[in-house]
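1. No letters, just coordinates:
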């Protein structure tokens, strides 16, 4: 483990090549151009010792602040020590956008970007944000908090007016969607578009 720049997130050492992470993402159906973008921008890399896929969340200066770690040949799921969920995996829009799409995981986000590309759409015209895992609302939904990553994102992107939720179509995902719709400030339009 080592520190990148001035980050407190301890990222796993980077492997010299990225063949296993490329094979893993390709095997999950992620488009090659999207994989290449993530590798070149430092948002995804392969760890040296376990050859895990590392999905990096960065601050506004591209300093790593969060990392989700997924086994490429195992079912391992974890996070780097010191990860800050305020800065989960994000692919920002290339230009100004008033819309953010929200996902449970980095893979869900990358799958959506791939589907956009397959439909002939530009996949970088709107912000794509992962919540770094399943969001757990309070027992009384009205007392829930907006997820940390979404709160920080909205604070930094005052141009955003619409939030599109792509949380899973299971009980947990539906409950999280309902909670977010309830507690997000009313100035935002919130749409529910679960994966099919």
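-> That came in fine, so what should we check first? Fair warning: this is a prediction, and the values are worked out from it, not measured in the lab.

2. separation between the residue lying farthest from the centre of the chain and residue 179?
-> Distance from the C-alpha centroid of the chain, by CA atoms, centre = their mean, peaks at residue 140 (26.3 Å). Going from residue 140 to residue 179 by CB to CB, to the nearest Å gives 10 Å. The C-beta positions use only the backbone N, C-alpha and C, and glycine is treated the same way.

3. re earlier: and the residue farthest from the centre of the chain, what's its pLDDT?
-> On pLDDT, residue 140 comes in at 89.

4. Next one: it from residue 170, what distance?
-> 21 Å.

5. for the residue nearest the centre of the chain, phi and psi?
-> By CA atoms, centre = their mean, the chain has its centre lying nearest to residue 130, at 2.6 Å. Backbone torsions for residue 130, taken as degrees, to the nearest 10, come to phi -100, psi 150.

6. Touching, it and residue 106? I think so.
-> Yes: using CB atoms under 8 Å, residue 130 is in contact with residue 106, at 4.9 Å.

7. what is in contact with the two at once?
-> 55, 68, 89 (CB atoms under 8 Å, 6 or more residues apart in numbering).

8. Just the buried subset of those residues, written out for ChimeraX, thanks.
-> This is how ChimeraX selects the buried members of those, with burial counted by 16 or more other CB atoms under 10 Å:
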select :55,68,89
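
9. So which bits of stretch 188-196 are buried?
-> 188, 190, 192.

10. Among the residues you listed, which one sits closest to residue 84?
-> residue 188 (23.2 Å; CB to CB).

11. ok, the residue nearest to that closest one when sequence neighbours are not counted - how many residues close by?
-> Counting by CB to CB, 6 or more residues apart in numbering, the nearest residue to residue 188 once its immediate chain neighbours are dropped is residue 163, at 5.3 Å. For residue 163, the count of nearby residues is 23 (other CB atoms under 10 Å).

12. tell me which residues in stretch 18-30 are buried?
-> For stretch 18-30, the neighbour count (16+ other CB under 10 Å) marks 18, 20-22, 24-25, 30 as buried.

13. Many thanks, we can stop here.
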